[in-house]
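1. sequence and predicted model, in that order:
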Amino acid sequence: MDYKLYEGIERRGTNCLKWDSCPEDVLPMWVADMDFPCAPGIMEALAARVAHPAMGYTRRSERDDRAVIDYYARNHGISLKKEDLLFTPGVVDSLLLAVHALTEPGDKVLIQTPVYGPFYSVIDRAKRMRVESPLVETESGKWEMDLADLDDKLPGCKLMLLCSPHNPCGRVWPRETLQAVLNLCKKYNVYLVADEIHCDFALDGRKNVSVLTLEGAQSGVAAAVSATKTFNIAGLDHSTFLIPDAQMRGKIAEKASEIGMKGGNLLGVLATTAAYETGDEWLAQVKRIVQENRDLAVKELTEAGAKAWPNEGTYLLLVDLRAFGRNSDELHELLMDKAKVRLNKGTDYGKASDGFMRLNLATTPALMQEGLRRICALLKAL
Ligand SMILES: Cc1ncc(COP(=O)(O)O)c(C=O)c1O
């Protein structure tokens, strides 16, 4: 089916964070959503519901639960029961709940850095002690976990937040690595909560390995997922926390109810069900475009003197611009003012990625080419 993914859509004027917060002449290649129209099954389900003139309180149907369970079984080999599912407005809210429910103020929570910004803030704002295990950058630009460092730092921690696939480093972690992480968490009695929001974006035929499929995942392990990133419905604020461990789930559910966090936005649930039921083919086509955009971006940026290791997962490319002798703030300013493109600063993800910028690949090939033309012209002039 032709999903009109190559044609692009006008996103300005829709209260779109990515486009409407940039000046007219700036091409936005920052925040992680897509310049593609949603899968038709989603739009049809939403249109049919919006045509009904009442928008009162809602409840989940059997079909909504089944759509989640079937999707993660079919695409990720996760075996779930209805009671394993907890619904939140977003994956960041799930991380926040985990921190508040599973730890006390002052407790240690481990993250691997650089990493998506809210990993820092959910810990810091909760007044927990943040423990960082830096990812190690290799010669090629590929980032690796430091398992020896984890072994040193996990003792005394209560919780580890894992980003898998990894934003912004683009890794799809191998099963052995993830199993080693879980084994360490078990050894030191640390809860493991994985943000798997990018799990559908394992590229080049890879499959993401969910922590829930590891040996020993029945206890102390949870995964936060969502259709929002995969199917471009992030404005609908709905996500699922997969928590097979009943005790852990009980704590998290209790915290959600204590602070009044509810998941179950009428349109978010509906769109999620439609995405999971009808979106596989649309997603396969989007992934092909993301891969083509990535390959082009890596080639052109490399030719312009940048270093870009081709991301294995996510639709985000971390570009190393340290050769140009500017920090991320300076690069951001140059890119905005001179090249007229907006990317995310490497420092949004931590100090280790200063001098890097993050490029969103989920756009039409035409916009990707235009963005790369602008970026590379700037780099060649520096
Ligand atoms: C790793 C990661 N987690 C969470 C989110 C945001 O999730 P949500 O909007 O569901 O809170 C993003 C968005 O880019 C992300 O990259």
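-> On my side now, so go ahead.

2. CA atoms only for stretch 176-189, dumped as CSV, please.
-> What follows is stretch 176-189, C-alpha atoms only, in CSV (Å, rounded to 0.1, in the frame of the first residue of the first chain):
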residue,chain,number,x,y,z
GLU,A,176,24.5,-11.3,26.0
THR,A,177,25.2,-7.7,27.1
LEU,A,178,21.6,-7.3,28.4
GLN,A,179,21.8,-10.7,30.2
ALA,A,180,25.1,-9.6,31.8
VAL,A,181,23.4,-6.4,33.0
LEU,A,182,20.4,-8.3,34.5
ASN,A,183,22.8,-10.8,36.1
LEU,A,184,24.6,-8.0,37.8
CYS,A,185,21.3,-6.4,38.9
LYS,A,186,20.2,-9.8,40.4
LYS,A,187,23.6,-10.2,42.1
TYR,A,188,23.3,-6.9,43.8
ASN,A,189,19.5,-6.9,44.3
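
3. mind listing what's buried in that stretch?
-> Using 16 or more other Cβ atoms under 10 Å as the test for burial, stretch 176-189 gives Leu178, Gln179, Ala180, Val181, Leu182, Leu184, Cys185, Lys186, Tyr188. C-beta here means a position set from N, CA and C on the backbone, and glycine is covered the same way.

4. from the residues you listed, which ones fall inside strands?
-> Using DSSP state E to define strands, no part of these is located there.

5. can you add pLDDT and give those residues back as CSV?
-> Output for the buried residues of stretch 176-189, formatted as CSV (pLDDT from 0 to 100):
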residue, pLDDT
Leu178, 98
Gln179, 98
Ala180, 98
Val181, 98
Leu182, 98
Leu184, 98
Cys185, 98
Lys186, 98
Tyr188, 98
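
6. please name the nearest non-neighbouring residue to the closest residue to the ligand within the chain.
-> In the chain, the residue found nearest to the ligand is Gly90; the distance is 2.8 Å by Cβ to the nearest ligand atom. Spatial nearest neighbour of Gly90, excluding adjacent residues (Cβ to Cβ, 6 or more residues apart in numbering): Ser239 at 5.2 Å.

7. over to Gly263?
-> Spatially, and ignoring its direct neighbours in sequence, Gly263 is nearest to Phe87 (3.1 Å; Cβ to Cβ, 6+ apart).

8. that neighbour looks like it's in a helix, true?
-> No. Under the criterion used here (DSSP: H, G, I helix; E, B strand; the rest coil), Phe87 is strand, not part of a helix.

9. helices or strands up against whichever helix or strand Leu192 is part of?
-> Using DSSP states H and E, the element containing Leu192 is strand 191-195. Applying 3 or more Cβ pairs under 8 Å, 6 or more residues apart in numbering; DSSP states H and E, one finds that strand 191-195 contacts helix 91-102, strand 157-163, helix 175-187, strand 221-225.
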